[in-house]
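In: coords please:
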Amino acid sequence: MSCGWVLSVIRIVAGVIIALVLIGQVIAGPIEDAWTAYQRGDFATALEIWRPRATQGVAFAQLNVGIMYYSGQGVPQDYGEAAKWYRLAAEQGNPTAQGNLGFMYYSGQGVQKDDGEAAKWYRLAAEQGNPTAQSNLASMYFSGQGVPQDYVQSYMWIDLAASLFPPSATKDRDNAAHNRDIVATKMTAEQLAEAEKLARNWKPKVPTR
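Out: Numbers count the residues shown, from 1 in each chain. Model (predicted):
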């Protein structure tokens, strides 16, 4: 990106871990078995457990099958299949799948490159509080890719990302803070005040599905 912007690349492999954490429940039964198999590198077993649940419409399983196709874990790498499974989970409101699908549209992996679609899926994930999607959406507003260039929106989203990346994600937090400073250099005092107000008043949306 121009002016030193550091684009936050979606870490697709980490999606499995993120998805498990976001369940907010004790992991038990087949899901626990699949996760244990995945951790020890037994991707075939993990996929054997997740795939039927993905076919039945379980968004969490669809996300993980997509991750495995994207990464070539237990199956030949296939971006088209990855995009298919991400889309199914994304349409059910899964923010990690939405962010991953947005990245595939941004990069043209498994789908026709389309900045407008990338921004659409980033936004859906960002509105639910996904900081990587917020950072990527901010970069698109900064450069006017897929959306009209808008420094107020760019600042708001990157400011939120800087505050929502977990403390363990030191590099992501630092990059977001650095990018926020870059955006601020392009803004008037009035624009900056508006963006800060939007960030303060922002609340995550609950998925409708």
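
In: for the protein, what helix or strand is lowest in average pLDDT?
Out: None of the helices or strands of the chain scores lower by mean pLDDT, DSSP states H and E than helix 15-22, at a mean of 41.

In: isn't residue 88 right up against residue 54?
Out: Yes - counting by Cβ atoms under 8 Å, residue 88 sits close enough to residue 54 to count as a contact (7.5 Å). Any C-beta I mention is one placed from the backbone N, CA and C, and that applies to glycine too.

In: Find residues that contact each of the two.
Out: Each of residue 62 lies in contact with both residue 88 and residue 54 under the rule Cβ atoms under 8 Å, 6 or more residues apart in numbering.

In: Could you point out the helix or strand that follows the helix or strand where residue 142 lies?
Out: With elements delineated by DSSP states H and E, residue 142 resides in helix 131-143, which encompasses its position. Towards the C-terminus, the helix or strand next in line after helix 131-143, according to DSSP H and E, is helix 151-164.

In: by contact count, what packs against that following helix?
Out: Counting by 3 or more Cβ pairs under 8 Å, 6 or more residues apart in numbering; DSSP states H and E, the packing neighbours recorded for helix 151-164 are helix 131-143, helix 170-184, helix 189-201.

In: contact partners of that helix?
Out: Counting by Cβ under 8 Å, 6+ apart, helix 151-164 makes contact with 8, 126, 129, 131-132, 134-135, 137-139, 141-142, 147, 172-173, 176-177, 179-180, 183-184, 186-187, 191-192, 194-196, 198-199, 202, all of which sit outside it.
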